[in-house]
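Visitor: how does the following fold in three dimensions:
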Amino acid sequence: MRTRKSVLFVIALAIVIVLGSVVMAGSSTAYMNSLKVRKTIWIWKPGEYGIKQGVLPGFVAINPQNDMLYVSNQISNNVSVVDLKTAKVIKAIKVGKTPLGIAYDQNNDKVYVANQKNNTVDVIDTKTNSVVKSITVGTSPSVIAVNQKTNLIYVSNQLSANVSVIDGRTNEVVKTVNISPSLVGISVNPKTNMIYVVSCYGNESVNVIDGKTNKVVKSIGTKGLNPVGVMVDPNTNMIYVANMDGASVSVIDGKTNKVVKIIPVGSLPNGMIADTKTNAIYIANSYSNTISVVNGNTNEVVKTIKVGSMPWGMAFDKARDMVYVANGNGVSFINCKTNSVVKFVRLGHQPFNMAIDPENHTAYVVNFAGNISVLNEKTLSIVKTIEIGPSLVDAVINPNTDTLYITSMSEDRAVNVVNLKTGSIVKKIHLLSVSGGIAAGGQPFGLAINMRTNKIYVADEWENAVDVLNMKNNSVVKVINVGKNTKSYLTCNPKMDKIYVVNTKSNSVSVIDGKTDEVVKTIKVGKQPIGIAVNSITSMVYVTNFGSDTVSVIDGKTNTLVKTIRVEKSPYGVAVNAKRNVIFVSNLLSNTVSVINGSTNEVVRTIKVGEHPRGMAFDPTTGMLFVANSLDGSVSVIY
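Guide: As a prediction, this is how the structure comes out:
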């Protein structure tokens, strides 16, 4: 009798479990079908008024006739127009792919923009601020220089090893000058009608073109390592060549065509400009985030000015005695009399990642441009902005101490520790090398937090390592060797005490045992893996493979690959609703979020979001998913 009752009980229990599973499956299906973007929050305010943000500004040009500054933005494929009277962005002009070099021709009142991916130069009419023509040039055009006397525009074509010469009257290519591979910087001396073009990557030289014949008349060795930028001081006829890998600038006498001096400057020098009033030379040092000011008479560095991240192109405003520098996500205004930054005009914020504080219903938007937008989940509005510094990538929160940890790719190359009550940086933690000591080449990227062990794990993409931080004293306690990183994220499964590290170049995931902080396994995944997240209930790990448009599913109990899911183009971020067993994947180039059923590991829905979605965060208390759209400067809220 008991046996029969036991059998009946088991059968009844099985029916309940099956019915419960069906109900749960139905509930999950209904939940997934109900998901949609309920609100779009603009981090970049001009986005509300139709002005798109500029992402990764590279070069600048001034039109003194309309008092406008034109800035080429490499990632957003547009040119920001800044009104110099008000120091405000008034328009974003859509151009070709990857715009780099930009120059103004006073003869026809046009701006010329080199589109590297399209092999074209767009011509902008500055009266209407619109593209009026697109000119086909060589392969991978990089930099543009204008000879205002002859009305000829010179374009260096990096991969076709030539220079396109455009007649400013007809906007047609009138000649192609063949030189040597890897052409980058180009500059004109209107007084001598000589054009100087830099060859890099093994051809370290400056090629001299005679503007009368448009033929190469000389090639000058720079005595520097990997030259990229070139600038002529027409007052002294001195040619300055920025040696990118040599942290130096070679000075060439234009009369003798010989190197007369090498000036030590900051790391990765490139763009240069001369103040024709004082004969001061300004040199942008991209990795140092500084501008070296050189006395053009003595060719000695007299001052170093701190600016935003990755300074590159510059322009000199003679009327205002000002130098404009493209850096970070904006333009720094340098007063040439005081050699100090007097203004910064932001072209965009570039929301890059998200962090959630579920207890306080607060989301933190990590803006690559250098600040944190604090988002109130109840009102779905930005309530505060915390300024940190340039090139911010990832963030995690310790809710017990109200502390935010943020990685920065700027010169500091540190983990910023921010007190959320005061909004101030209380410490900068510098990564260590595997051999000990500060990692000179360290580059913090992704973060993962384990509240059970009070540790934070930091991916160091240049050292191919993971630094372990103790949150009690905010110091590095260990450095773990992993695979080849390059823009790696991490995740932690506190239940299993395992940390999973994405190795982008190795196409693998390293599994770290949280007890020993040692790598215990390496799992092969798809091409160019980048994002990673874990379902804390099922212990399933999800990895976005940027290069193969897939998501790898790893069983965290066995640490084996169990499935590969096809998603849309260039999957980047990943977030998990553990309770519902639903996984969200942001597809960078498709501008969508794929919704995956964790029970079947199948894509069930695709939701359209903003442009170039990257990082995401899910709040289990509100059920809201926040998606950082890096290109249009917004956050999509899905629930």
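Visitor: where does the prediction get shaky in the stretch 151-300 of the chain?
Guide: Within the stretch 151-300 of the chain, not a single segment meets pLDDT under 70.
Visitor: quick check: end-to-end length of stretch 368-386?
Guide: Taking C-alpha to C-alpha, to the nearest Å as the measure, stretch 368-386 stretches 13 Å from start to finish.
Visitor: just the buried residues of that stretch, please?
Guide: F368, A369, G370, N371, I372, S373, V374, L375, E377, L380, I382, I386 (16 or more other C-beta atoms under 10 Å). To be clear about C-beta, it is placed using only N, CA and C from the backbone, and glycine gets the same treatment.
Visitor: and what about the last one, helix, strand or coil?
Guide: When you say that, I think you mean I386. With DSSP: H, G, I helix; E, B strand; the rest coil as the basis, I386 sits in strand.
Visitor: hang on, isn't it packed against V418?
Guide: Yes. I386 sits in contact with V418 when judged by C-beta atoms under 8 Å, with a separation of 6.6 Å.
Visitor: thinking again about what came up before, just the buried residues of stretch 368-386: which are in strands?
Guide: Among the buried residues of stretch 368-386, the ones falling in strands (DSSP state E) are N371, I372, S373, V374, L375, I382, I386.
Visitor: just give the closest residue to the second one, not the sequence neighbours.
Guide: Taking C-beta to C-beta, 6 or more residues apart in numbering, and ignoring the residues beside it in sequence, I372 has I386 as its nearest neighbour in space, at 4.3 Å.
Visitor: and the third one, by the same measure?
Guide: In space, not counting the residues next to it along the chain, S373 is nearest to V365; the distance is 4.0 Å by C-beta to C-beta, 6+ apart.
Visitor: now the one you found: which helix or strand?
Guide: strand 362-367 (DSSP states H and E).
Visitor: coming back round to it: mutual contacts of I386 and V418, please.
Guide: By C-beta atoms under 8 Å, 6 or more residues apart in numbering, I386 and V418 have these common neighbours: I372.
Visitor: low-confidence ranges in the stretch 351-500 of the chain?
Guide: In the predicted model of the stretch 351-500 of the chain, residues 411-412, 434-441, 485-487 satisfy pLDDT under 70.
Visitor: strands of that one, residue ranges please.
Guide: Taking DSSP state E, counting those that start in this stretch, the strands of the stretch 351-500 of the chain run over residues 351-357, 362-367, 371-376, 381-387, 392-398, 403-408, 414-419, 424-430, 444-450, 455-460, 465-470, 475-481, 490-493, 498-503.
Visitor: with the stretch 501-639 of the chain instead?
Guide: Applying DSSP E, counting those that start in this stretch to the stretch 501-639 of the chain gives strands spanning 508-513, 518-524, 529-534, 540-545, 550-555, 560-566, 571-577, 582-587, 592-597, 602-608, 613-619, 624-629, 634-638.
Visitor: select, out of those, the one closest to T192.
Guide: Taking C-beta to C-beta as the criterion, T192 comes closest to strand 613-619 out of the strands of the stretch 501-639 of the chain, the separation being 48.1 Å.
Visitor: elements contacting the closest one?
Guide: Under the contact definition 3 or more C-beta pairs under 8 Å, 6 or more residues apart in numbering; DSSP states H and E, strand 613-619 sits against strand 351-357, strand 362-367, strand 571-577, strand 582-587, strand 592-597, strand 624-629.
Visitor: so that strand versus strand 582-587, what angle?
Guide: Strand 613-619 runs at 160 degrees relative to strand 582-587, counting by axes from the mean of the first three to the mean of the last three C-alpha atoms, to 10 degrees.
Visitor: not counting strand 613-619 itself, show me its contacts.
Guide: 351-356, 358, 361, 363, 366, 377, 394, 531, 572-577, 584, 586-588, 591-593, 624-630, 636.
Visitor: end-to-end on stretch 593-601?
Guide: Taking C-alpha to C-alpha as the measure, stretch 593-601 stretches 15 Å from start to finish.
Visitor: contacts for that stretch?
Guide: Stretch 593-601 has contacts (C-beta under 8 Å, 6+ apart) with 25, 28-29, 32, 35, 535, 538, 540, 542, 551, 553, 562-563, 565, 567-568, 571, 576, 581-587, 602-607, 609, 613, 616, 625, 627, 636, 638.
Visitor: what's the first helix or strand after the helix or strand harbouring I334?
Guide: I334 is part of strand 330-335 when elements are defined by DSSP H and E. Read in the C-terminal direction, the helix or strand following strand 330-335 is strand 340-346, with elements assigned using DSSP H and E.
Visitor: note down every partner strand of that following strand and its orientation.
Guide: Counting by DSSP bridges, the strands paired with strand 340-346 are strand 330-335 (antiparallel).
Visitor: keeping just the C-alphas, turn the partner strand into CSV.
Guide: C-alpha atoms of strand 330-335 as CSV (Å, rounded to 0.1, in the frame of the first residue of the first chain):
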residue,chain,number,x,y,z
GLY,A,330,35.6,67.4,-28.1
VAL,A,331,37.9,70.3,-28.8
SER,A,332,40.3,72.0,-26.4
PHE,A,333,40.8,75.8,-26.8
ILE,A,334,44.4,76.8,-25.9
ASN,A,335,45.1,80.5,-25.3
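Visitor: what sits up against that strand?
Guide: Strand 330-335 has contacts (C-beta under 8 Å, 6+ apart) with 57, 60, 69, 71, 82, 87, 282, 291, 305, 307-308, 311, 321-325, 340-348, 369.
Visitor: show the average pLDDT along that strand.
Guide: Rounded to a whole number, the mean pLDDT of strand 330-335 is 94.
Visitor: list the buried residues of that strand.
Guide: By neighbour count with 16+ other C-beta under 10 Å, strand 330-335 contains the buried residues G330, V331, S332, F333, I334.
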